[in-house]
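[1] Need a 3D model of the following:
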Amino acid sequence: MHRRLPEMPTLEELRRWARGNRVQGMPNPLRRKSVEKPKLRGEQSKQFAIDPAGEDALLLFGKFRGSRASELVLSARGRKYLRWIVEDADFPEDLKNVCRYRLELWRREKQKAK
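    Down below sits the predicted model:
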């Protein structure tokens, strides 16, 4: 006797499942919490500038002067620099929050690519 194989989902069903929707005959999709934008306190400085949406910061100090956090997160040296900013107690909380946000976005994109 031949054993009947389960039907394969269509490409559209796979796409819906990947977006987090349920599809009959497939396991429940994984739900990931969204990355929250940082809560800003309105701190600005001569050392950095944060865009009004709170998603990016322009660094005006150090070896990466003139770089944005969104650019730095793309290189290993830049990520190390952003982690240093987050862990250093001397930087304002707004700048730390934006750096944490960018690092978390990068981490999730890297996981999604796997």
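[2] Looking at this protein, which helix is longest?
    In the chain, ranked by residue count with DSSP state H as the criterion, the top helix is helix 93-113.
[3] ok now it, how far from the chain's centre?
    Its chain's average C-alpha position is 4 Å from that of helix 93-113, according to CA atoms, centre = their mean, to the nearest Å.
[4] Now that helix: buried residues?
    Neighbour counts over helix 93-113 (16 or more other CB atoms under 10 Å) mark 94-103, 106 as buried. Backbone N, C-alpha and C define where each C-beta goes, glycine included.
[5] Next: stretch 79-98.
    Under 16+ other CB under 10 Å, the buried positions of stretch 79-98 are 79, 81-82, 85-86, 91, 94-98.
[6] can you name the two of these that are farthest apart?
    Across the buried residues of stretch 79-98, the longest distance by CB to CB is 19.4 Å; it joins Arg79 and Asp94.
[7] quick revisit: who are the packing partners of the longest helix of the chain?
    Using 3 or more CB pairs under 8 Å, 6 or more residues apart in numbering; DSSP states H and E as the contact test, the elements touching helix 93-113 are strand 48-50, strand 57-59, helix 69-72, helix 76-87.
[8] Tell me which of these lies nearest to Asn21.
    Asn21 sits nearest to helix 69-72 of all the helices and strands packed on helix 93-113, at 29.4 Å, using CB to CB.
[9] Need the residues that contact the closest one.
    55-57, 59, 64, 78-79, 81-82, 98-99, 102 (CB atoms under 8 Å, 6 or more residues apart in numbering).
[10] Go again with 6 Å.
    For helix 69-72, the surrounding residues in contact (CB atoms under 6 Å, 6 or more residues apart in numbering) are 56-57, 78, 82, 98-99, 102.
[11] Centre of the chain to it, how far?
    11 Å.
[12] in it, what's buried?
    Neighbour-count burial for helix 69-72 flags 69-70, 72 (criterion: 16+ other CB under 10 Å).
[13] could you dump those to TSV with distance to Met26 and pLDDT?
    Output for the buried residues of helix 69-72, formatted as TSV (distance: CB to CB, whole Å; pLDDT from 0 to 100):
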residue	distance to Met26	pLDDT
Ala69	37	93
Ser70	35	92
Leu72	38	94
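[14] Fine by me, we can end here.
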